[in-house]
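**Q** this is a predicted model, with the sequence first.
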Amino acid sequence: MYKEIVDKIKPELSKIIDSLETQLAKIRTGRASTSLIEDLIVDCFGQKMPLKHLGNITLSGPRQIVIQPWDKSYIEAIEKAIFQSNIGLTPIVDKEVVRINLPPLTEEFRKKMLHLLAEKQEEARQSVRHWREKIWKEIQESFKQKEISEDDKFRAKDELQEIIDEYNEKIEQMGENKRKQIEG
């Protein structure tokens with residue numbers, strides 16, 4: 001009985017990890033990445049669409065992103081969206097493509113990115129703690145309702161903590177990998 005309660009947390013924790021992975025991909029490092037801009041919202045002919053729906057986004061070398069719109073008429077809207085985003089990148093229109101050259105990271109910018117990384121990790125840890133509390137309360141309630149024994153309650157607590165530790169370790173590892181990329 002207690003295993004079903006404990007197992008409820010795994011899909012929720014996986015969602016947290018997936019979300020963190022998506023957020024970390026958007027944090028700029030010394031190398032170009034299409035994930036930096038692909039979800040930028042572009043106001044194109046009165047409709048708001050993610051950039052990835054308007055053209056092909058590729059890398060041309062370690063510090064350049066190339067956007068090839070499916071229609072030339074999108075170029076101006078794409079350029080405007082990149083300028084208005086707060087990612088600190090300058091688009092260059094080159095005939096039928098938009099190029100973005102990533103400048104080398106300054107020490108100040110690296111510190112900002114490391115701070116942002118720490119914030120994202122802490123948000124993920126808080127979500128993990130929230131789910132741990134929620135499942136622990138459910139386990140305690142099952143014990144009070146005499147649905148599980150006291151031994152099962154403590155087994156559940158131990159299993160729950162093992163799962164929490166495993167996911168916290170994933171969060172740490174993801175952060176460490178991103179930290180190495182930012183620090184170059």
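**A** All right, it came through fine.
**Q** helix or strand: which one has the residue nearest the centre of the chain?
**A** When C-alpha atoms, centre = their mean is applied to the chain, the residue found nearest the centroid is residue 23 (1.8 Å). Assigned by DSSP states H and E, residue 23 belongs to helix 9-25.
**Q** residue 5 against residue 139, yeah?
**A** Yes: counting by C-beta atoms under 8 Å, residue 5 sits close enough to residue 139 to count as a contact (5.6 Å). (Each C-beta comes from the backbone N, C-alpha and C, glycine too.)
**Q** more crowded one of the two?
**A** Taking other C-beta atoms under 10 Å, residue 5 and residue 139 do not tie; residue 139 has more neighbours (24 against 20).
**Q** next helix or strand past the longest helix seen in the chain?
**A** Determined from DSSP state H, the single longest helix within the chain is helix 107-144. Going down the chain from helix 107-144, the next helix or strand is helix 150-183, by DSSP H and E.
**Q** that next one - contacts with which helices or strands?
**A** helix 2-7, helix 9-25, helix 107-144 (3 or more C-beta pairs under 8 Å, 6 or more residues apart in numbering; DSSP states H and E).
**Q** list the buried ones in the second one?
**A** What it means is helix 9-25. For helix 9-25, a neighbour-count test (16 or more other C-beta atoms under 10 Å) marks 9, 13, 16, 17, 20, 23, 24 as buried.
**Q** that helix - what's its average pLDDT?
**A** For helix 9-25, mean pLDDT rounds to 93.
**Q** cool, the last one as well?
**A** Averaging the model's pLDDT scores along helix 107-144 yields 93.
**Q** return the distance of that helix from the chain's centre.
**A** Offset of helix 107-144 from its chain centre (C-alpha atoms, centre = their mean, to the nearest Å): 14 Å.
**Q** list the buried ones in it?
**A** 110, 112-114, 116-117, 120-121, 124-125, 127-128, 131-132, 135-136, 138-139, 142-143.
**Q** same question for stretch 58-74.
**A** In stretch 58-74, counting by 16+ other C-beta under 10 Å, buried: 65, 66, 67, 69, 74.
**Q** TSV for those, including pLDDT, distance to residue 91 and secondary structure?
**A** Below are the buried residues of stretch 58-74 laid out as TSV (pLDDT from 0 to 100; distance: C-beta to C-beta, whole Å; DSSP: H, G, I helix; E, B strand; the rest coil):
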residue	pLDDT	distance to residue 91	secondary structure
65	90	9	strand
66	92	11	strand
67	91	8	strand
69	92	12	strand
74	88	12	helix
